[in-house]
Every structure is written in structure tokens, then in C-alpha cells.
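Enquirer: Below are the sequence and a predicted model for it; my questions follow.
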Amino acid sequence: MTAPAPGRTALVERTPGETSVRLRLDLDGTGAATISTGLGFYDHLLSQLARHGLFDLEVATLGDLEVDAHHTVEDTAIALGEAFARALGDKAGLTRFGDALVPLDETLVRVAVDLSGRPYVVHTEPDGLAPAVGAYETSLTRHVWESFAHTAGLTLHVDVLRGRNAHHVAEAQFKAVARALRTAVTADPRQPGVPSTKGVL
């Protein structure tokens, strides 16, 4: 039986015109995170992803924050997706699917993920949320998932079932995605090879 090797890691460095990103990921970590993007709330969200996914994550992003937060958030999410794709390898022996239902006070988020190799995102959240938490524009959360899923090659459904506080709504999404990914990337001892009838993901 093929099983994921311990220490599934990846290092991604991206230097498009607007940003410079250096990101290191270990899927078999302990949840340790060292995050610096220049956006305090985004750092907080990425730390939640690491902690609740039990991924070790190091991120150093320098972006054109004098313009706005968009490029910094987008390019970091792209690098994160690339790191996941590299660290997962051929996905042999993995559980493949994961889901989570995560509350945070008044907020409740449901997430389902499939390491399908087919990028697709469904994202819903309540209207009327505050437009920003600090310098982080809350409308960017959807774009994080789109950028991440596209480069990671996964199907991701994120549904905010209820919530009013913009901080809680964003944070609960990152926690729920982390928990779903944690399940999906875990080894399945009964899975002999790639978990697909196609033989490849």
C-alpha cells in the first residue's frame, strides 16, 4: 500500500511585479506559524489555518500595501495553493475528502473539500458585513479561496450558514477550511494508492 511520506513539505517563492512572497509549508506539522504579510488580520487568519489544520506554515510577504491589500492577499493565497499542490504529490494513500462544521459565537460555517485536481469554488456568506477588519477588506476572503483552490487543484465549498460579525465570519471560514483540509490530507490506512477510480488526481 502506498502511503503519504512523513514530512510532506514545500517551499514556494513568488516575485510578481507587485509583491514578493516566500512561503514554506509542512503538512505533517504541529500548527506552528510564523506569518508576516503586513496585514495584521490576514496574519491572524493564516495562523488559524495553520493551527487548526496542524500545518506548519511560514509566510513572508512584501506587497504594495500603499495601493491596497489586494495583491498581497491574492499572491499569498496563490503561493499557499502552490505549496499544497507540491506537498501533496500524487495524493496516493490520502483520505481525499474532508468536511467541517465550525461555530464561532454567532457564526456557523460549513466547509467541504475534495483534493480532486479540479479547481472549483462555491462560497456564500451573509450580506451586510463590515467592509473591512483593520486593513483587510472582507470581500477578499472569497478571493483567497478562489486563488488558493485554483493553484492547489481542489474543489472547495465554503458556506457561512449564519453570522453578523465580520471578524467572526472570516475567522470561522479559515478554521473550518483548516479542519476540512486536515482530514482530506490525512493518510487512509485502507487506501491502496490514489483514491480515485481514474487512478490519478
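Expert: In hand now; what should we look at? Numbering: from 1, shown residues only.

Enquirer: And the helix or strand encompassing residue 78, what's buried?
Expert: Applying DSSP states H and E as the criterion places residue 78 in helix 70-88. Of the residues in helix 70-88, 70-85, 87-88 count as buried by neighbour count, 16 or more other C-beta atoms under 10 Å. No exception for glycine: its C-beta is placed from N, CA and C like everyone else's.

Enquirer: Now for residue 39, how many residues are close by?
Expert: Residues within reach of residue 39, counting by other C-beta atoms under 10 Å, total 24.

Enquirer: quick one: it and residue 132 touch, right?
Expert: No. Counting by C-beta atoms under 8 Å, residue 39 does not reach residue 132; the two are 10.5 Å apart.

Enquirer: which other helices and strands contact whichever strand or helix holds residue 151?
Expert: Following DSSP H and E, one finds residue 151 within helix 140-152. For helix 140-152, the packing partners by 3 or more C-beta pairs under 8 Å, 6 or more residues apart in numbering; DSSP states H and E come out as helix 70-88, strand 120-124, strand 155-162, helix 166-184.

Enquirer: tell me which strands and helices the helix or strand just after the helix holding residue 78 is in contact with?
Expert: Counting by DSSP H and E, the next helix or strand C-terminal to helix 70-88 is strand 97-104. Where contact means 3+ C-beta pairs under 8 Å, 6+ apart, strand 97-104 is packed against strand 107-114, helix 166-184.

Enquirer: What mean pLDDT does the first one get?
Expert: Spelled out, it's strand 107-114. Average pLDDT, strand 107-114: 98.

Enquirer: So for the nearest residue to residue 14 once chain neighbours are set aside, what's the pLDDT?
Expert: Spatial nearest neighbour of residue 14, chain neighbours left out: residue 21 (4.3 Å); criterion: C-beta to C-beta, 6 or more residues apart in numbering. Predicted confidence (pLDDT) for residue 21: 98.

Enquirer: so where does residue 21 fall, helix or strand?
Expert: Per DSSP H and E, residue 21 falls inside strand 19-26.

Enquirer: Next, the buried residues of that strand.
Expert: 19, 21-26.

Enquirer: Including distance to residue 148, could the residues you listed go into JSON lines?
Expert: Formatted as JSON lines, the buried residues of strand 19-26 follow (distance: C-beta to C-beta, whole Å):
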{"residue": "19", "distance to residue 148": "15"}
{"residue": "21", "distance to residue 148": "13"}
{"residue": "22", "distance to residue 148": "17"}
{"residue": "23", "distance to residue 148": "12"}
{"residue": "24", "distance to residue 148": "16"}
{"residue": "25", "distance to residue 148": "12"}
{"residue": "26", "distance to residue 148": "17"}
